[in-house]
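>>> everything below, folded, please.
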Amino acid sequence: MEIEFKFCIPPERLQAVEAAMRRGAVQRTRLQARYVDTPGGALAAAGMVLRLRKEGPRWVQTVKAAGDGPLQRWEHNVDLGPQAGGDAPVADPQRHAGTPVGDRLLAVLRDADSALRESYATDIERLTREVRSGGATVELALDTGRIRAHGADGALREARVCELELELLRGDVRGLVALARAWSQRHGLWFSTVSKAERGERLLHDVAAVPAVKAAPVPASFAGLDGHALQQAAIAHCLAQILPNASELAAGSRDDEQVHQLRVGLRRLRTALRELDALAPGLDPAWEAPLVEQFRTLGAQRDRALVLAQTQAALAAAGAPPIDMGDEDQAADDPGAAVRAPAFQAVLVDLIGHGAMPPGAADAGLDAADARRHLRARLRRLHRQVLGDGERFDTLDAEAQHRVRKRLKRLRYLAEFAAPLFRPKAAARHLERLRPAQDVLGRFNDEAVALGLYRARVGQDPRAWFAVGWLQARHAAAGVDAQRVLRRLRKKAVPFWKRRKAGD
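Residues are numbered from 1 along each chain as shown. Below is the predicted model:
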């Protein structure tokens, strides 16, 4: 099992990164690799890679598969040595038999029942250096070069490689995290989840954009975890949504759904950090500010990209005159720049590292029973607050109404994390009963945002007054709907965390 960070390097910072690499003893190697798969892409579909790579004069066959977290991956290498005549060897999956990742490889290929062929190739110049950091020995690898693939149409497609990998060779993972943080901050690097193999697959299939990653269901394995393990598992579950979307945006995507799903992931993460803090020590309160700043920055961009567009369509259908909303701010709306911000990248590195660190004697946290009791208390408190606010929603000011929506979301996300520890089927029913209130409060919030945007434009375009009046009427009606659905939660959203026996 490998533990490593991979960062993309801005082209303008490559020279500085290479100069920093050369401050120690370095080794340069040319790596020419051929990636193989079945014609139907069975390995790619299983999240696996089978590669033949020429490293200097020697050939090495490697199989890789995703591990349990963003830093981990399964890997097995077989040194094939120099080849007679310089020809590339033929890939043989049996070389990995008897290893965990190798047996998984053979199972996938057995089900695929198809011959292997080259899918894409890489030609990389690698500069490596070993560094000691806080009780750890880490290998730095600077990779530059190209990925090439011939698509089904026969066209040759290429992508540039410019990345830095930091792999823990031995010692304490904390040393790896500290070094990764230092290099990313010093050189403006951003964490990437996109491997060379995945980039090759995109070239092969001419994929310019990928779908946003949504939150996966919380696994049943959460049940029975102690405080430290549950805290780590919940954070890792949030990062599994955050990191792929952040990676795509940092690389230049401007996909609105990726922005939205990143914000969802950030809100889920902030819920985990806030509500699960007491399960085990080790969470840094300094993480909160950059996460909040990122959430707000991307939220402001979403308001213009989605809320405004939806509102303009509804206004046009209602017979509103064309309204000039201006575009002076849109040019500055760059989600990639926000995601690449050093403060945000530093928090990502710390959180990824937190998930890879084993508990020590001093920070083992609550046992499984106490962790369960803590979650029950937190769920009960949030549930009561939401019900209480729902009864008087129409009397609350705008800030307090917005706080109701945030608490409802925290209740939802905490319920998702806690469901495996209690009654999953009852939790699923509870979450389904929350959905109508979430939807109504979401529309209520979007209309409040749109109302603010149009009010800000009346000085530049008086026609915006039509939108202000129309939205005020809709917003008042939405407030009545919100109070009605919130009141229904008292009967509909039955707590699934109630004790069923003494001592539970």
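
>>> give me the domain ranges for this protein.
Domains of the chain are assigned by automatic domain parsing as 2-208, 234-492.

>>> quick one: the ones you listed as JSON lines, columns for mean pLDDT too.
Converted to JSON lines, those look like this (pLDDT from 0 to 100):
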{"stretch": "domain 2-208", "mean pLDDT": "93"}
{"stretch": "domain 234-492", "mean pLDDT": "90"}
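
>>> and those domains as JSON lines, adding distance to Lys498?
Heads up, the C-betas are built off the backbone N, CA and C, glycines and all. Below are those laid out as JSON lines (distance: least, C-beta to C-beta, whole Å):
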{"stretch": "domain 2-208", "distance to Lys498": "33"}
{"stretch": "domain 234-492", "distance to Lys498": "8"}
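
>>> to Ser221, which of the ones you listed lies closest?
If you check each of the domains of the chain against Ser221 by C-beta to C-beta, domain 234-492 wins as the nearest, at 7.4 Å.

>>> count the neighbours of the closest residue to Phe191 other than its chain neighbours for me.
Distance criterion C-beta to C-beta, 6 or more residues apart in numbering; nearest residue to Phe191, sequence neighbours excluded, is Leu348 at 5.4 Å. Neighbour count for Leu348, taken as other C-beta atoms under 10 Å: 25.

>>> quick check, Leu348 in a strand?
No: assignment of Leu348 by DSSP: H, G, I helix; E, B strand; the rest coil gives helix, placing it outside any strand.

>>> is it true that it touches Leu243?
Yes: counting by C-beta atoms under 8 Å, Leu348 touches Leu243, with 7.2 Å between them.

>>> any shared contact partners between those two?
Overlap of the contact sets of Leu348 and Leu243 (by C-beta atoms under 8 Å, 6 or more residues apart in numbering) consists of Phe191.

>>> which residue ranges of the stretch 1-150 of the chain form helices?
Counting by DSSP state H, counting those that start in this stretch, the stretch 1-150 of the chain has these helices, from start to end: 14-21, 42-45, 100-112.

>>> and for the stretch 201-350 of the chain?
227-250, 256-275, 288-302, 308-317, 335-339, 342-356.

>>> just name the most buried of these.
Across the helices of the stretch 201-350 of the chain, averaging neighbours per residue (mean count of other C-beta atoms under 10 Å) puts helix 227-250 on top, at a mean of 24.

>>> closest one to Thr144 among the helices of the stretch 201-350 of the chain?
Shortest distance between Thr144 and those, using C-beta to C-beta, is found for helix 227-250: 18.6 Å.

>>> and of the domains of the chain, who's closest to Lys214?
Proximity to Lys214, assessed across the domains of the chain by C-beta to C-beta, is greatest for domain 234-492 (5.8 Å).

>>> need the distance between the two termini of the closest one.
27 Å (C-alpha to C-alpha, to the nearest Å).

>>> with stretch 36-55 instead?
17 Å.

>>> give me the contact list for it.
Under the criterion C-beta under 8 Å, 6+ apart, residues 29-35, 59-66, 88-89, 91, 93, 101, 104-105, 108-109, 111-112, 114-119, 195, 197, 201 lie in contact with stretch 36-55.

>>> distance from that stretch to the middle of the chain?
Chain-centre distance of stretch 36-55: 24 Å, with C-alpha atoms, centre = their mean, to the nearest Å.

>>> check stretch 455-475 too.
Relative to its chain's centre, stretch 455-475 lies at 37 Å (C-alpha atoms, centre = their mean).

>>> that stretch: end-to-end distance?
End-to-end distance of stretch 455-475 (C-alpha to C-alpha): 14 Å.

>>> what of stretch 348-367?
End-to-end span of stretch 348-367 (C-alpha to C-alpha): 27 Å.

>>> who's in contact with that stretch?
By C-beta under 8 Å, 6+ apart, the residues outside stretch 348-367 that reach it are 3, 5, 69-72, 173-174, 176-177, 180-181, 184, 191, 226-229, 231-232, 235-236, 239, 242-243, 246, 269, 278-284, 287, 371, 374.

>>> just the buried residues out of the contacts of stretch 36-55, in PyMOL syntax.
To isolate the buried subset of the contacts of stretch 36-55 in PyMOL, counting by 16 or more other C-beta atoms under 10 Å, use the following:
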select buried, resi 31+33+34+35+59+60+61+62+63+64+65+89+91+93+101+104+105+108+109+112+116+119+197+201
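
>>> quick revisit: quick one, which of the helices of the stretch 1-150 of the chain is packed in tightest?
For these, the largest average neighbour count (mean count of other C-beta under 10 Å) is found in helix 42-45, namely a mean of 19.

>>> so how many other residues sit close to the closest residue to Pro424 other than its chain neighbours?
In this structure, Pro424 finds its nearest non-sequential neighbour in Ala220, 7.2 Å apart by C-beta to C-beta, 6+ apart. By the criterion of other C-beta under 10 Å, Ala220 has 11 neighbours.

>>> thought Ala428 was touching Ala419?
Yes: assessed by C-beta under 8 Å, Ala428 is found in contact with Ala419 at 7.1 Å.

>>> of those two, who's got more company?
Ala419 (23 against 15).

>>> surely that one is in a strand?
No: counting by three-state DSSP, Ala419 falls outside a strand, being helix.

>>> list the contacts of it.
Ala419 sits next to Val218, Phe222, Ala427, Ala428, Leu431, Phe496 when contact means C-beta under 8 Å, 6+ apart.

>>> cool, Ala121 as well?
Ala121 makes contact with Gln32, Ala33, Arg34, Tyr35, Ile147, Arg148, Ala149, Gly200, according to C-beta under 8 Å, 6+ apart.

>>> how close does it sit to Arg443?
Per C-beta to C-beta, to the nearest Å, Ala121 is found 50 Å from Arg443.

>>> state the number of residues packed around the residue nearest to Ala66 when sequence neighbours are not counted.
Excluding its sequence neighbours, the residue lying closest to Ala66 (C-beta to C-beta, 6+ apart) is Gly47, at 5.0 Å. Using other C-beta under 10 Å, Gly47 has 14 neighbouring residues.

>>> the one 3 residues further on too?
In terms of burial, Leu50 registers 25 neighbours under the definition other C-beta under 10 Å.

>>> ok, so what distance separates it from Val90?
Distance, Leu50 to Val90, using C-beta to C-beta: 12 Å.

>>> which strand or helix spans Arg380?
Arg380 belongs to helix 368-391 when assigned by DSSP states H and E.

>>> which residue is nearest the centroid of this protein?
Ile242 (1.9 Å; C-alpha atoms, centre = their mean).

>>> quick one: that residue and Arg267 touch, right?
No: applying C-beta under 8 Å as the test, Ile242 and Arg267 come out as separate, 10.3 Å apart.

>>> common neighbours of those two, please.
Common contacts of Ile242 and Arg267 (C-beta under 8 Å, 6+ apart): none found.

>>> list the buried residues for the lengthiest helix in the chain?
The longest helix of the chain (DSSP state H) is helix 424-455. By 16+ other C-beta under 10 Å, the buried positions in helix 424-455 come out as 424, 427, 430-431, 433-434, 436-438, 440-441, 443-451, 453-454.

>>> thanks a lot, catch you later.
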